[in-house]
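Q: Predicted coordinates and the sequence they were generated for:
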Amino acid sequence: SAVISQKPSRDICQRGTSLTIQCQVDSQVTMMFWYRQQPGQSLTLIATANQGSEATYESGFVIDKFPISRPNLTFSTLTVSNMSPEDSSIYLCSVEILGGPVGTEAFFGQGTRLTVV
Amino acid sequence: AQSVTQLGSHVSVSEGALVLLRCNYSSSVPPYLFWYVQYPNQGLQLLLKYTSAATLVKGINGFEAEFKKSETSFHLTKPSAHMSDAAEYFCAFLQGAQKLVFGQGTRLTINP
């Protein structure tokens, strides 16, 4: 299994500012994933972060808006840049661990609840 | 396009009653299907996973799901609802090697 810690758990930010969300995992993982969950909606993958290389962004998400760092195998950050109220969402970090009782399993952090005012 | 569709954004059942949360997948979806639960202010937790080994999959907390190819369904059930089951439930499939694609979610409410 994996224990994932996200910081901050919630924040209220002014429009036009940026927020960096941290994700710490208690074991080394190859890939880390960042998701967005807009109010009342499902999760959407923003990007996949590999250690030592550029993150891979999904359609509709760009690096200038959501820069990601992955300095080592246990840590990643997601920055939400130049925020607007439309960025108000829950942002979740996820990792996948091979093996275990159900084979490959994805583990999620508790999420960062962001409100932009 | 590959997708999963959850029927009903909100399901309400009485405590002790059967829980049935519906998920249908598009016919081209690979055979890796998941149900996740999200309790208030928490991340997602895996309930169960279908990997083509057995059509009836048993998960945690008394939940199970049956993969029915003829109906392209993977509905989640629990014989007797408990108040602690109140949460948001997501059906998902694995696209490619590691990308999870989620359904819209179903909020389960348990009435005392």
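A: Right, received. Where do you want to start?
Q: Could I get the full set of strands for chain A?
A: Assigned strands in chain A, in chain order: A:4-7, A:10-13, A:19-25, A:31-37, A:43-50, A:56-57, A:68-72, A:75-80, A:89-97, A:105-108, A:112-116 (criterion: DSSP state E).
Q: mind putting the ones you listed in JSON lines, mean pLDDT, distance to residue B:21 and mean neighbour count included?
A: Placement of C-beta: from N, CA and C, glycine included. As requested, these are exported to JSON lines (pLDDT from 0 to 100; distance: least, Cβ to Cβ, whole Å; neighbours: other Cβ atoms under 10 Å in any protein chain shown):
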{"stretch": "strand A:4-7", "mean pLDDT": "94", "distance to residue B:21": "25", "mean neighbour count": "17"}
{"stretch": "strand A:10-13", "mean pLDDT": "96", "distance to residue B:21": "28", "mean neighbour count": "13"}
{"stretch": "strand A:19-25", "mean pLDDT": "97", "distance to residue B:21": "29", "mean neighbour count": "19"}
{"stretch": "strand A:31-37", "mean pLDDT": "93", "distance to residue B:21": "18", "mean neighbour count": "23"}
{"stretch": "strand A:43-50", "mean pLDDT": "92", "distance to residue B:21": "17", "mean neighbour count": "21"}
{"stretch": "strand A:56-57", "mean pLDDT": "94", "distance to residue B:21": "31", "mean neighbour count": "16"}
{"stretch": "strand A:68-72", "mean pLDDT": "93", "distance to residue B:21": "33", "mean neighbour count": "15"}
{"stretch": "strand A:75-80", "mean pLDDT": "96", "distance to residue B:21": "30", "mean neighbour count": "21"}
{"stretch": "strand A:89-97", "mean pLDDT": "90", "distance to residue B:21": "21", "mean neighbour count": "22"}
{"stretch": "strand A:105-108", "mean pLDDT": "84", "distance to residue B:21": "19", "mean neighbour count": "21"}
{"stretch": "strand A:112-116", "mean pLDDT": "96", "distance to residue B:21": "24", "mean neighbour count": "18"}
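Q: of all those strands, which lies closest to residue B:16?
A: Smallest distance to residue B:16 across those (Cβ to Cβ): 29.7 Å, for strand A:105-108.
Q: measure stretch B:20-33 end to end?
A: By Cα to Cα, to the nearest Å, the extent of stretch B:20-33 from end to end equals 17 Å.
Q: For it, report the contacting residues that lie outside it.
A: Here stretch B:20-33 makes contact (Cβ atoms under 8 Å, 6 or more residues apart in numbering or on different chains) with B:1-8, B:11, B:35, B:49-52, B:65, B:67, B:71-77, B:89, B:91-95, B:103, B:106, B:108.
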